[in-house]
Every structure is written in structure tokens, then in C-alpha cells.
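# Structure of the sequence below:
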Amino acid sequence: MPRGRLRIYLGAAPGVGKTYAMLAEGQRLRSLGADVVLGLVEPHGRRPTAAMAEGLETIPRCALSHRGRLFTEMDLDAVLARRPQVALVDELAHSNVPGARNAKRWQDVEELLAAGIDVVSTLNVQHLESLNDVVRQITGVRQRETLPDEVARQADQIELVDLPPEVLRRRMVHGDIYPPDRIESALTHYFRVGNLTALREIALLWLADRVEEGLQRYRAEHGIVAPWETRERILVALSGGTEGETLIRRAARISTRTPGTELLALHVVPEDGLTRVDPVVLAAQRTLVESLGGSYHQASGQDVVELLLQFAEAESVTQIVLGASRHGRLASLLRAGVGERTIRGSGPVDVHIVTHEEAAGAAGLRLPHASRGMGARRYWGALVGAVVLLPVLTLVLTALRGRLGLSSDLVIYLLAVVVVALVGGVWPALLAAVATALMADYYFTSPVHSFGVERPDEITALVVFVATAALVGTAAAAAAQRAHQAARATSEARALSRLSAAMMRGQDLTALVELIRENFGLGAVSLLERDPEATPAPGWYVVASAGELPPEKPYESDVESPVDDDLTLAARGPGLSPEDRRIFAACAAELGLAHARGRITGGNGGVNTLADAERTRASLLLAAGRDLGATLRTGEESLARLRRHRAGERGPDQARLLDTAHAAIHRAVQLVTDLDDLSRLHAGALDLYLRPVDLNEVLGVALDDLGPGGHSIVLRLPEYMPDVIADAALLTRALTALGADALRNSPPDRPPAVTAEVRDTCVTIRVVDGAPGGTAESMTTGASGWSPVGRADSLALRLSRDMVEAMDGSLETATDESAFSATLTLPSSAPGGPASVGR
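Numbers count the residues shown, from 1 in each chain. Model prediction:
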């Protein structure tokens with residue numbers, strides 16, 4: 001049997017017209033001859049909605065009883081038995097009444113879809129599970145009814161029902177959404193313009209993402225590879241050089257010209273891992289990309305251009321930003337650069353080439369950087385060696401002129417070029433190739449001691465020699481550079497791994513600092529931390545050190561690598577190369593982590609000690625409280641038997657003393673019970689069962705628990721009071737404690753009062769003393785009259801507050817000129833509230 005299709009009308013807030021649109025679609029399908037039934041609709045008293053439902057066949061609801069009250073839900077079995085073509089089911093995220101076949105209405109809809117019935121439903125964006133915390137942060141209302149995003153994503157069609165915030169508020173004022181008694185509260189809370197605008201944007205963005213998913217799915221199913229410019233996506237290629245920030249900012253400026261543009265950054269790492277990219281520079285560029293709202297990506301491969309184009313195709317990139325080539329004109333003639341190759345293979349994707357300071361020709365003619373390739377020492381060593389070796393070699397070959405021919409001389413010169421290439425790299429090799437060709441021409445071709453060449457074969461031999469020497473020298477230099485980089489990477493990895501292994505073994509900071517000193521061959525190393533108490537100049541103290549005469553201040557060191565503003569690694573000894581400084585900085589960062597971990601471990605040790613002491617103290621108090629409670633209950637029972645024994649033989653004074661003693665011991669027993677409950681609540685040992693609770697029943701039980709004095713409390717309750725979401729036993733305990741506290745602080749002629757008020761999404765219960773702030777024992781006189789002494793922090797109020805907060809409620813205390821009051825606020829289960837059951 002084919003599965004039914006699900007269509008959802010999505011709205012940003014109640015009242016935008018989702019249910020009306022659903023009913024209008026049902027009427028349209030019915031007019032086209034479809035078999036449409038109304039599975040369930042919630043008109044919420046809105047006349048236009050009810051009028052739109054007229055003429056549609058309605059499946060009667062089923063009645064369910066829950067805690068003595070009747071609720072109605074969709075009759076799933078009746079709809080399945082009726083088997084219509086289309087079923088209209090309102091409020092997809094609704095929670096069914098306990099006792100129904102499914103806990104959620106969307107599960108009922110799943111059964112209808114599985115039976116081949118098409119379903120049209122409604123949903124507010126705030127009920128989506130992934131957006132629940134975002135909506136709560138914006139509106140301050142926690143949505144208890146949520147829908148898994150996957151259910152909405154699997155819908156065959158989602159249509160947005162949208163209204164501007166001003167129009168929606170105007171509908172609210174006209175009474176088209178809520179009844180008159182709820183309009184003012186809604187306008188000043190949930191339906192504020194800012195809230196509605198934010199919810200509207202969330203709904204639009206969520207739906208736009210679903211549209212994008214559908215588009216990508218369509219392109220994949222139809223094999224469409226070329227990007228569709230439905231949304232601008234700009235990709236900036238990062239080589240890891242210092243020009244990366246220029247490219248990122250340029251791409252960000254391009255992206256701001258079109259709203260909704262996505263910014264992506266890609267860095268390609270060679271497969272062999274031999275890269276000379278500074279990780280600090282790359283990390284800074286990643287941070288810059290993310291701060292501008294973009295996303296950073298990294299890929300591994302040998303061909304940068306191929307990976308770049310593959311990534312652009314996968315992400316539907318519309319524009320690529322590249323830096324201008326660093327290669328000179330000669331290198332560009334020999335091999336096309338990344339920019340040129342990217343332009344050739346980009347197809348419809350626009351490519352921007354951005355100039356920068358590192359680009360070839362940006363700063364005029366420049367000599368090759370001595371520190372690149374094999375290092376400055378080997379670079380200059382190769383040049384000096386070529387200056388010495390080539391003349392000496394020429395003298396030797398001149399002496400052997402009669403025994404060796406031109407071809408032998410050129411082979412020996414070629415060997416010298418290879419040696420220079422292995423030592424110093426490409427540029428010394430190229431210079432040596434040119435120099436050897438000139439020497440061979442001057443000393444070994446006729447006419448001798450002249451740069452002229454008479455024989456054509458010698459001209460050919462010299463040209464071939466120069467080309468061969470250049471190619472062989474370049475290849476040898478590249479191989480030597482790779483070998484040097486591999487050895488360098490191995491040594492760096494070994495140094496970092498030794499440090500990491502030492503940290504994992506739990507070695508102290510002094511041993512780690514000594515290991516760093518040995519790795520870099522330094523004389524002394526110190527980990528310095530800023531002293532915050534040093535005045536007036538900033539001071540430093542040594543956290544750990546190794547070697548002789550370690551530096552005690554950063555300016556006393558030869559090498560320094562700051563970890564953060566307050567921690568630095570300083571060293572004395574020979575200077576470090578730029579590569580060594582980079583690894584030294586990485587070691588400093590590792591050392592900073594070890595220092596921070598040591599602080600945390602030490603802090604945790606202290607916390608664990610305090611926690612153990614607190615647990616011991618709590619267990620002792622709990623045991624003592626139980627023993628004390630048992631002793632007090634025994635004393636209470638003994639006094640009760642004594643009061644009953646020969647009651648008529650005692651005088652008035654004796655009876656009064658016995659009553660006072662019995663009341664005092666009863667109060668002590670209650671205090672011990674309260675302390676035990678409070679400790680169990682803080683330990684999480686009290687099980688909560690939150691459900692709709694009838695407040696009238698709970699108040700009746702609480703007044704009965706208070707004894708004869710409880711029936712003197714004045715109740716002022718509204719005629720209709722919805723259930724509250726709470727644990728019945730815990731709520732009864734809290735109200736009993738508040739009532740007992742109010743009775744103790746009220747004179748006999750002015751009993752306390754309990755009032756209740758129904759608000760939009762909650763119910764408030766207020767317990768007010770009958771005296772102006774309490775009795776004389778618990779009050780003190782101040783400049784403005786009576787004020788409570790410790791009432792807000794009393795054990796009864798603290799216990800009640802913790803119990804109410806455990807039920808997602810709140811308890812606040814206040815004192816005015818008339819009385820001291822405690823106000824409980826609990827979520828309501830009435831229709832329209834966020835915790836609605838049966839809605």
C-alpha cells in the first residue's frame with residue numbers, strides 16, 4: 001500500500017491563520033471531488049475558522065477520562081475505519097491525554113500515513129525540538145509540546161503561513177485570536193513586536209533550509225553537477241601565507257553586497273604532510289573567517305586546483321577568491337599557476353584574483369629569500385662553496401686538457417652542479433649551471449680563452465649542458481628539500497611527542513621544562529607567570545625552571561614565547577631559527593596546558609576534600625536527625641499518653657503545661673522531618689511525578705493536614721481555576737509548610753489568607769499572614785515600621801521554595817505595610833498554556 005502524503009502549514013506564532021489555511025485546502029480538495037474528513041480541528045473560539053469548517057465531514061472525537069476529568073482527542077480508530085483520501089488534523093505537536101493509544105498526535109498522523117491516508121496538518125515553529133531553547137530565550141516561555149525535526153523534514157510539502165507582526169497584533173486587538181481577558185497580557189508579553197519578528201525570521205530561515213535540502217536532493221537525483229546560483233556562496237582559497245587575511249577580508253566585502261551570501265574558506269594540506277605553513281598564521285585566519293560569519297574547511301590532497309574545484313562543485317560555490325601568484329614570469333612560463341588553472345577549470349564559477357604584498361612583482365624585483373628552501377646557512381654555504389669549488393675544478397680540468405675531451409669536462413661540471421644543488425637548493429644550482437657553462441666555453445672550446453664558439457657541435461653541447469644542469473640541479477634541490485623537510489618534520493614530531501608523553505605520564509612542570517631545554521640545546525629555561533599583586537610595575541615569578549641561572553624576567557632571556565598575557569616561556573642560550581622558534585612556541589603552549597591542568601587538578605583536589613567533608617557532615621547530621629526524630633516521637637507519644645491518663649485529676653496549670661510541652665515537641669518533630677525532606681530533595685532522592693493537579697483538592701488536603709487551625713485560613717479563589725502542572729504530594733507538602741508558618745505568625749483574631757490568580761500560562765497562589773508582618777517574637781521595629789527577621793530564610797520557606805522550584809515553579813516573598821506574603825507560581829495546564837494537556 002502506498003504511503004500517504006503529509007502537508008504542513010507552518011506558522012511563526014498563534015493566530016497567523018494556519019488552521020484556516022488547512023480548512024481552506026480541505027474545502028478546495030473537496031470541491032475537486034476528493035474524499036476529505038475532519039479528523040480534528042481546534043478553532044479556539046474563532047468564528048471565521050469555525051465557518052470555514054462548515055460542510056466538511058467531521059469524525060466525532062473520543063472521550064478520555066484523566067484524574068476525574070473528561071478530555072477529548074481525535075478518534076484514530078474511527079478515522080482509520082473511515083479510510084478517507086485526505087484527513088485534516090490540527091496541531092501536529094500536540095500531546096495526547098494519558099491513556100490514549102499514542103503519546104503524541106504526530107504518532108497518530110504516522111499511523112494515518114502508513115495506512116495510505118493523506119494528512120494536512122498545522123505546526124508553529126516554536127514547537128520544533130531543535131528550536132526549543134532558542135524560542136525560550138527569545139520569548140521567555142518554555143514550550144513543553146515539541147515535535148522532532150525529522151518528522152517535519154519528512155513532510156512532502158511545507159507551506160509557510162505568514163503575517164507581519166503589526167498585522168498579527170492588530171488581529172489580536174480586534175479579538176480575532178484570544179478572548180478579551182487575555183489580549184493585554186499577550187500583547188505585552190509573547191506578542192511583542194520583537195518576539196514576533198524574531199519568530200518570523202526563525203520560521204523563514206528554517207523553511208529556507210528545507211527548500212535548500214529539497215533542491216540538493218533534486219539535483220542529486222537528476223545528476224545535475226553545474227552549480228545553480230540560488231544563493232551566492234563565496235570560497236576563499238588559503239595557502240597559509242600572510243596574504244590570507246587580505247583575501248578573507250576581500251571575500252567578506254564581496255559577500256556583504258548580496259544579503260544571504262555564505263562565506264567559505266578552504267586550505268589544502270599536502271598528502272605527505274610536508275608543509276611549511278605556520279600553524280599560528282593559519283589558526284588566526286580561521287578565527288578571522290569564523291568571526292566574519294564564515295566557515296573554515298580543510299582538505300588533503302596533492303593537486304590543489306583539483307581539490308579546490310571539487311570542493312566548489314560539492315558546495316555549489318558561485319565565486320572563488322584567489323591570491324595572485326607568487327611565482328615570477330619565468331616560473332609561470334614553465335608551469336601554469338594555481339590561479340590560471342583554476343580559471344580554466346572553473347566553468348560558470350567566477351574567479352577573483354586579488355593582488356597582495358607577497359605576489360610576484362608587487363614589490364618590484366626581489367632576490368630569492370635566503371631562508372627559504374634549505375635554510376640560510378646552507379644557502380650561503382652553497383654559494384661560497386660554488387665560488388671556491390668551480391675555479392679549483394677548472395684548474396684541475398685545465399691541467400688535464402690533453403687527456404679529457406669537452407664531453408668529459410661537462411659531465412664533471414654537471415656533478416659539481418648536483419653537489420651545489422644538494423647543499424643549497426635551486427638558486428645556487430642555477431647559478432652554478434650558468435657559471436660552469438661560461439667556464440667550459442672560455443677554457444675548453446675553441447678558440448680558447450674566448451667566449452666565442454667556432455664548432456656547431458660544441459654550441460649544441462653547451463646548450464644541452466646548461467639545460468641538463470638546470471633540470472638535474474632543480475630535481476636534486478627539490479629532492480634534498482623534501483628530505484630536509486621530512487627530517488625536520490620527524491624531529492619536530494619527536495620533540496612534541498616526547499613532551500606529550502611526559503605530560504601524560506604526569507611529570508611535573510620542572511621535568512617538562514628540563515625536557516624542553518634538552519630538546520633545543522638551551523642553557524636555561526623558565527616558565528614565568530605574572531604576579532598580579534606586584535605594584536607599581538608588573539612583576540614575575542618563576543613557576544618552574546631548569547638549567548643554570550634561569551631567567552627570572554622575560555627581558556632577561558634570549559628567547560621568549562608568550563603563552564598568554566600572564567604566562568610566558570623564557571630561555572637563555574643560542575638563538576633559535578624561525579622553524580625552531582615555531583616548535584618552541586608549540587612547546588610553550590603545551591606547557592601552558594600542563595600548568596592549567598595542574599591548577600585544575602589541585603583545585604579539584606581541594607573541592608573533592610571539601611565535598612568529602614560535606615558528605616561526611618551531611619551523613620552525620622542525617623543520622624543524628626533520624627535518632628533525634630525517633631527520640632522526639634517517643635517523647636511526643638509519652639506526653640500524649642500522659643495527657644490521656646487521668647485527665648480529670650490535673651489542675652488547669654498542669655494541663656496547660658502538658659499542652660505546651662506536647663506542642664513544642666510536635667514542632668520539634670516537624671522541624672526534624674522538614675530537615676530530612678530538605679536533605680533528600682537536595683540529594684535528588686525525592687521522585688517527582690509532574691502531571692495536571694487539581695488545586696482545589698490539594699488546598700483541601702493541606703488545610704486538613706494543618707489541623708483545627710487550618711480551617712480558620714481564609715480562601716479567596718476564582719470560580720474557574722485550571723489544573724497546575726505539579727507533583728501532588730510535593731505541592732501539598734509546600735502549601736502545608738507555608739500555611740503552618742503563616743498560622744504561627746498570625747494573631748487569633750486575624751487569620752492568614754490564601755488567594756489564587758489565573759494568568760496567561762500559569763497560576764499564582766499567595767499565602768498572606770493575618771498580622772502586619774508577623775508576631776512580636778519574629779519582628780523588629782525599624783524606621784518604616786514592622787519588618788521580618790529571618791522570615792524569608794526560615795526553614796519552612798526554604799523547604800517550600802526548593803520544592804516549588806523542583807516542579808519548575810517559583811516562590812517569592814514580600815513584606816508591605818499590611819502583611820508578609822509568599823507567592824507560588826506554577827505552570828498551568830489550561831488550553832492556551834505552554835503545558836496544555838488535551839489541547
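# in the stretch 251-400 of the chain, which spans are helices?
Remark: helices assigned in the stretch 251-400 of the chain by DSSP state H, counting those that start in this stretch are 279-291, 304-314, 329-334, 338-345, 376-399.
# And those: which comes nearest Met439?
helix 376-399 (5.1 Å; C-beta to C-beta). Backbone N, C-alpha and C define where each C-beta goes, glycine included.
# List the buried residues in that closest one.
Of the residues in helix 376-399, Arg378, Tyr379, Gly381, Ala382, Leu383, Gly385, Ala386, Leu390, Leu393, Thr394, Leu397 count as buried by neighbour count, 16 or more other C-beta atoms under 10 Å.
# where do the helices sit along the stretch 1-150 of the chain?
Assigned by DSSP H, counting those that start in this stretch, the stretch 1-150 of the chain shows helices spanning 18-31, 47-52, 76-82, 105-114, 132-139, 149-153.
# quick one, what contacts Ala511?
Counting by C-beta atoms under 8 Å, 6 or more residues apart in numbering, Ala511 makes contact with Ala502.
# Helix or strand: which one has the residue nearest to Leu393 when sequence neighbours are not counted?
By the measure of C-beta to C-beta, 6 or more residues apart in numbering, the closest residue to Leu393 outside its immediate chain neighbours is Ala416, 5.8 Å from it. Ala416 belongs to helix 406-424 when elements are defined using DSSP states H and E.
# Can you name every helix or strand that that helix contacts?
On a contact count with 3 or more C-beta pairs under 8 Å, 6 or more residues apart in numbering; DSSP states H and E, helix 406-424 meets helix 376-399, helix 426-444, helix 456-504.
# Reformat the helices of the stretch 251-400 of the chain as a markdown table; add mean pLDDT and distance to Leu738.
Output for the helices of the stretch 251-400 of the chain, formatted as a markdown table (pLDDT from 0 to 100; distance: least, C-beta to C-beta, whole Å):
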| stretch | mean pLDDT | distance to Leu738 |
| --- | --- | --- |
| helix 279-291 | 84 | 51 |
| helix 304-314 | 87 | 63 |
| helix 329-334 | 51 | 85 |
| helix 338-345 | 85 | 74 |
| helix 376-399 | 83 | 81 |
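# how about these in JSON lines, adding distance to Leu32?
Putting the helices of the stretch 251-400 of the chain into JSON lines (distance: least, C-beta to C-beta, whole Å) gives the following:
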{"stretch": "helix 279-291", "distance to Leu32": "51"}
{"stretch": "helix 304-314", "distance to Leu32": "42"}
{"stretch": "helix 329-334", "distance to Leu32": "67"}
{"stretch": "helix 338-345", "distance to Leu32": "51"}
{"stretch": "helix 376-399", "distance to Leu32": "83"}
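# Which residue of this structure lies farthest from its centroid?
Distance from the C-alpha centroid of the chain peaks at Gly402, with 80.9 Å (C-alpha atoms, centre = their mean).
# Quick check: Ser561 touching Leu569?
Yes. In this structure, Ser561 is within contact of Leu569 by C-beta atoms under 8 Å, at 4.8 Å.
# what do those two both touch?
Residues touching both Ser561 and Leu569 (C-beta under 8 Å, 6+ apart): Phe584, Cys587, Ala588.
# Return the per-residue confidence for the second one.
What that stands for is Cys587. Per-residue pLDDT puts Cys587 at 85.
# Which pLDDT value does the model give the residue lying closest to it once chain neighbours are set aside?
Closest residue to Cys587 apart from its sequence neighbours, by C-beta to C-beta, 6+ apart: Ile516 at 5.2 Å. We have a pLDDT of 86 for Ile516.
# Name the helix or strand for Ile516, please.
Following DSSP H and E, one finds Ile516 within helix 509-520.
# cool, Val754 as well?
Assigning secondary structure by DSSP H and E places Val754 in strand 753-758.
# ok, and for that strand, which residues are buried?
Buried, per 16+ other C-beta under 10 Å, within strand 753-758: Ala753, Val754, Thr755, Ala756, Val758.
# what's stretch 428-438 in contact with?
Here stretch 428-438 makes contact (C-beta under 8 Å, 6+ apart) with 379, 382-383, 386, 390, 413-414, 416-418, 420-421, 451, 462, 465-466, 469-470, 473-474, 476-477.
# Please pick the buried ones from these.
The neighbour-count test (16+ other C-beta under 10 Å) marks 379, 382-383, 386, 390, 413-414, 416-418, 420-421, 462, 465-466, 469-470, 473-474, 476-477 as buried among the contacts of stretch 428-438.
# low-confidence ranges in the stretch 501-650 of the chain?
532-538, 599-627, 629-630, 636, 639, 642-650 (pLDDT under 70).
# Going toward the C-terminus from the helix holding Ile516, what's the next helix or strand?
Per DSSP H and E, the first helix or strand lying C-terminal to helix 509-520 is strand 524-531.
# Export only the CA atoms of whichever helix or strand comes after that next one, formatted as PDB.
Towards the C-terminus, the helix or strand next in line after strand 524-531, according to DSSP H and E, is strand 539-547. Taking Å, rounded to 0.1, in the frame of the first residue of the first chain, the C-alpha atoms of strand 539-547 are listed here in PDB:
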ATOM      1  CA  GLY A 539      56.200  41.500  38.500                       C
ATOM      2  CA  TRP A 540      57.000  38.000  37.500                       C
ATOM      3  CA  TYR A 541      57.700  34.800  39.500                       C
ATOM      4  CA  VAL A 542      59.300  31.500  38.400                       C
ATOM      5  CA  VAL A 543      56.700  28.700  38.100                       C
ATOM      6  CA  ALA A 544      59.300  26.100  37.000                       C
ATOM      7  CA  SER A 545      62.900  26.300  35.700                       C
ATOM      8  CA  ALA A 546      65.800  24.100  34.500                       C
ATOM      9  CA  GLY A 547      69.500  24.800  33.800                       C
END
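# Next, the angle strand 524-531 makes with strand 539-547.
Using axes from the mean of the first three to the mean of the last three C-alpha atoms, to 10 degrees, the direction of strand 539-547 lies 160 degrees away from that of strand 524-531.
# before we move on, the earlier item: each with direction, which strands does the strand holding Val754 pair with?
If you go by DSSP bridges, strand 753-758 pairs up with strand 714-716 (parallel), strand 762-768 (antiparallel).
# Just the mean pLDDT for the first one, thanks.
So that's strand 714-716. In this model, strand 714-716 carries a mean pLDDT of 88.
# swap in stretch 223-235?
Confidence over stretch 223-235, taken as the mean pLDDT, stands at 71.
# How far does that stretch stretch from one end to the other?
This stretch, stretch 223-235, spans 23 Å end to end (C-alpha to C-alpha, to the nearest Å).
# can you give me the strands in the stretch 651-800 of the chain?
Assigned by DSSP state E, counting those that start in this stretch, the strands in the stretch 651-800 of the chain fall at 691-693, 714-716, 724-726, 753-758, 762-768, 779-782, 785-788.
# same deal with the stretch 101-250 of the chain?
Under DSSP E, counting those that start in this stretch, the stretch 101-250 of the chain gives strands at 118-124, 157-161, 233-238.
# Need these in CSV (columns: mean neighbour count and distance to Val269).
What follows is these, written out as CSV (neighbours: other C-beta atoms under 10 Å; distance: least, C-beta to C-beta, whole Å):
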stretch, mean neighbour count, distance to Val269
strand 118-124, 24, 44
strand 157-161, 16, 40
strand 233-238, 25, 11
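# residues touching Met22, list them.
Residues counted as contacts of Met22 (C-beta under 8 Å, 6+ apart) are Tyr9, Val41, Leu88, Asp90, Val120, Ser121, Thr122.
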